[in-house]
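A.B. asks: need a 3D model of the sequence below.
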Amino acid sequence: MTRYIAQRMLSLIPVLIGVTLLIFLVMQLAPGDPAQIMLGPKATDTSLAQLRHDLGLDQPMHVQYVRWLSRVVQGNWGRSIQLKREVLPFILVRFRNTLYLTTCAVFIACLVGIPAGIISAVRQYSLGDRVAMILVLVGFSLPVFFLGIILQILFGLRLGILPVSGIQSAGRTDLADLAGHLVLPALTLATGATAIIARMTRSSMLEVIRQDYVRTARAKGLNERLTISRHALKNALIPVLTVVGLQVGYLLGGDVLVEIVFTYPGIGLAMVNGILARDFPLVQGAILLVASAYVLVNLTVDVAYSFLDPRIRYEQ
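C.D. replies: Residues are numbered from 1 along each chain as shown. Below you'll find the model as predicted:
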């Protein structure tokens, strides 16, 4: 197992290099001149040429890429054009906020989706199964920005029991205030993931409970609850784990709409503001951080397979 993890860690290096190359090329093709943005519309040609030279923008593209990558490895991710501050400390704080939101959303999705999928599979074609699948369809179809606005109106404006924007109230830094700000965006973000996880859990459980070893356990008179929990659930969770891992990676960078609706200071909102301001260093750093996190999540999921199913063995 240790050797496998080490090999997978080494295999991440070319993947991350490819990610950095793709990010760099996309930003190079994006419209706008960083020097013009930094100096403003009244800048002279001489000052623009001097700044491009100072920033290395007059160098060939491959030279710019190597210089940028070497700075990234050293922890120098550039300076934000818009914010006039170092990119890395800023996006780390924003990414931490997004991590809070994603963790809460995935926890809610698993807490609701996995039991719902299990119950639907065990009681297939029952009323509960049909209701659960209807709710799953609604969860798939409901746009997150629409749901977010509805929750804001209901719990924030009408009932006034939950905050509708931001991450903390002015003058407060306690955990209870943070949790209150996370409730509505986390519920909004968890809706789609809950539907996906419930659907996958149901499909996986239906396949597993038809296996011979489950029939044998039932034939021996084993309690139905023990049969499901000890024999069926563990094997059924393997494809569910894959879906959860994909959802974590998706939510880390795909919760932009939720962050915009709730004015939540996460990495998605930072990227949108950076794109609108043509803040190339900020956008590059944010995308690179999210992509790296996505790759690490996939590695974690691969390693977790062997703990769920002892039949899975990796070459030593």
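A.B. asks: find the centremost residue of the chain, please.
C.D. replies: The centroid of the chain falls nearest to Leu252 when counting by CA atoms, centre = their mean (1.9 Å).
A.B. asks: in three-state terms, label that residue for me.
C.D. replies: helix (DSSP: H, G, I helix; E, B strand; the rest coil).
A.B. asks: contact partners for it?
C.D. replies: If a contact means CB atoms under 8 Å, 6 or more residues apart in numbering, then Leu252 has 98-99, 102, 267, 290, 293-294, 297 as its contacts. All C-beta atoms are positioned from the backbone trio N, CA, C, and that covers glycine.
A.B. asks: tell me the spacing between it and Gln211.
C.D. replies: From Leu252 across to Gln211, the span is 35 Å (CB to CB, to the nearest Å).
A.B. asks: my guess is Arg71 meets Glu86, correct?
C.D. replies: No - applying CB atoms under 8 Å as the test, Arg71 and Glu86 come out as separate, 11.5 Å apart.
A.B. asks: looking at those two, which one has more neighbours?
C.D. replies: Using other CB atoms under 10 Å, the more surrounded residue of Arg71 and Glu86 is Glu86, with 16 against 12.
A.B. asks: spatially, what comes nearest to that one if we skip its sequence neighbours?
C.D. replies: In this structure, Glu86 finds its nearest non-sequential neighbour in Arg79, 5.9 Å apart by CB to CB, 6 or more residues apart in numbering.
A.B. asks: show me what contacts that neighbour?
C.D. replies: Arg79 touches 85-87, 281, counting by CB under 8 Å, 6+ apart.
A.B. asks: run a quick neighbour tally on Ala198.
C.D. replies: Neighbours of Ala198 under the rule other CB under 10 Å: 27.
A.B. asks: that's a helix at it, yeah?
C.D. replies: Yes - counting by three-state DSSP, Ala198 falls inside a helix.
A.B. asks: that one is in contact with Ile114, isn't it?
C.D. replies: Yes - counting by CB under 8 Å, Ala198 touches Ile114, with 7.5 Å between them.
A.B. asks: ok, and what's touching stretch 226-234?
C.D. replies: With CB under 8 Å, 6+ apart, stretch 226-234 has contacts from 118, 122, 205, 208-209, 211, 213-214, 217-218, 222, 308-309.
A.B. asks: low-confidence stretches in the stretch 201-316 of the chain?
C.D. replies: 254, 306-316 (pLDDT under 70).
A.B. asks: grab the nearest non-local neighbour of Val122.
C.D. replies: Nearest residue to Val122 in three dimensions, chain neighbours excluded: Ile228, at 6.3 Å (CB to CB, 6+ apart).
A.B. asks: neighbours of the one you found, how many?
C.D. replies: 20.
A.B. asks: same thing with Arg158?
C.D. replies: What Arg158 shows, counting by other CB under 10 Å, is a neighbour count of 9.
A.B. asks: what are the ranges of the strands in the stretch 151-300 of the chain?
C.D. replies: Shown for the stretch 151-300 of the chain, no strands are assigned by DSSP state E, counting those that start in this stretch.
A.B. asks: ok, which stretches of it are helices?
C.D. replies: For the stretch 151-300 of the chain, applying DSSP state H, counting those that start in this stretch gives helices covering 175-208, 212-219, 224-226, 233-254, 256-261, 267-276, 280-308.
A.B. asks: and the closest residue to Val272 other than its chain neighbours, how many neighbours?
C.D. replies: Leaving aside its sequence neighbours, Val272 sits nearest to Val256 (CB to CB, 6+ apart; 6.0 Å). Per other CB under 10 Å, the neighbour tally for Val256 reads 18.
A.B. asks: how much space separates the residue nearest to the centre of the chain from Gln168?
C.D. replies: Counting by CB to CB, the separation of Leu252 from Gln168 is 21 Å.
A.B. asks: rebuild the helices of the stretch 151-300 of the chain as JSON lines, extending it with distance to Arg158.
C.D. replies: Formatted as JSON lines, the helices of the stretch 151-300 of the chain follow (distance: least, CB to CB, whole Å):
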{"stretch": "helix 175-208", "distance to Arg158": "13"}
{"stretch": "helix 212-219", "distance to Arg158": "48"}
{"stretch": "helix 224-226", "distance to Arg158": "41"}
{"stretch": "helix 233-254", "distance to Arg158": "28"}
{"stretch": "helix 256-261", "distance to Arg158": "17"}
{"stretch": "helix 267-276", "distance to Arg158": "25"}
{"stretch": "helix 280-308", "distance to Arg158": "35"}
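A.B. asks: how about the ones you listed, which one is nearest Gln59?
C.D. replies: Comparison of these against Gln59 by CB to CB identifies helix 280-308 as nearest, at 15.4 Å.
A.B. asks: re earlier: you'd agree the residue nearest to Val272 is up against Ala270?
C.D. replies: No - between Val256 and Ala270 there is no contact under CB under 8 Å: 9.9 Å.
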